[in-house]
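Undergrad: fold the following for me, if possible:
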Amino acid sequence: MSPLAVTGRAGRLQLKHRLAVARGGVDLLERKQRVIAAELERLELQRERTAEQWETAWSQAVTWLQRCTALDGVQGLDDAALDGIRGVAETAADAAVPGEAAEAEVDWGGVMGVTYPRGARCLLPPARPVGGSAALAPAVSAHRRAVEAGVRHAAAMRAVSLLGAELATTRALRKSIETRLVPRLEQALHDLEVRLDETDREENLRMRWSAGTREG
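TA: Residues are numbered from 1 along each chain as shown. Have a look, this model is predicted:
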């Protein structure tokens, strides 16, 4: 049986309760929507800033890589990279020295039940001196900055994606309750009250008829 197909005075109380809950849900979803929208706007600005930082860092890394390629050649860059890997491998047993791979640490936060990255940082292995031209060290530093900026931008993009999806879901749910469920409950309550009024009038009429018959 449909939850709206109720009868009697008890059914009227049920419908009033459901209607109050539905209206309260609309108010709560509206508040959630406002809070998420405000936070999403802030995160979109953050995403724009991190995008600019990443693009700048990546552009600088490309420029220095071109300079290194011109001075050292492709083979020279390959040899320098292998020297760096060997240097890490020789000291990897030392607990004070990070491993070869970079790691990303994400700071998680939340708003209105939604969890998303508030920020992130990249933990890079220490840069090791390797042979090469004068452009090699600045190139390594530029690429390290680009990786760090890329991690921050990736976290900002993920935050916007998660909050954007939640905002869309919240809007759709609020609209569904506000434009479909609440009107159906209001109509069902109205129809039931009309039926109850008719039943009361019929009952009063029978009582008056019965009383008149007894007096006659």
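
Undergrad: residues near Ala155, how many?
TA: Ala155 has 24 neighbouring residues, counting by other Cβ atoms under 10 Å. No exception for glycine: its C-beta is placed from N, CA and C like everyone else's.

Undergrad: quick one: it and Ala51, what's the gap?
TA: Relative to Ala51, Ala155 is positioned 12 Å away (Cβ to Cβ, to the nearest Å).

Undergrad: also Leu136?
TA: 28 Å.

Undergrad: out of those two, which sits in the busier spot?
TA: Leu136 (20 against 15).

Undergrad: that one and Asp72 touch, don't they?
TA: Yes - Leu136 is in contact with Asp72 according to Cβ atoms under 8 Å; the separation is 6.6 Å.

Undergrad: quick one, helices of the protein?
TA: For the chain, helices defined by DSSP state H occupy the ranges 8-91, 136-176, 182-215.

Undergrad: can you list those helices in TSV and add mean pLDDT?
TA: As requested, these are exported to TSV (pLDDT from 0 to 100):
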stretch	mean pLDDT
helix 8-91	87
helix 136-176	95
helix 182-215	82
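
Undergrad: tabulate those helices (TSV), appending distance to Leu124.
TA: Converted to TSV, the helices of the chain look like this (distance: least, Cβ to Cβ, whole Å):
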stretch	distance to Leu124
helix 8-91	11
helix 136-176	6
helix 182-215	55
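
Undergrad: give me whichever of these is most buried.
TA: Most buried of the helices of the chain, by mean neighbour count (mean count of other Cβ atoms under 10 Å): helix 136-176, with a mean of 18.

Undergrad: quick check: angle from it to helix 8-91?
TA: Helix 136-176 and helix 8-91 are oriented at 170 degrees to each other (axes from the mean of the first three to the mean of the last three Cα atoms, to 10 degrees).
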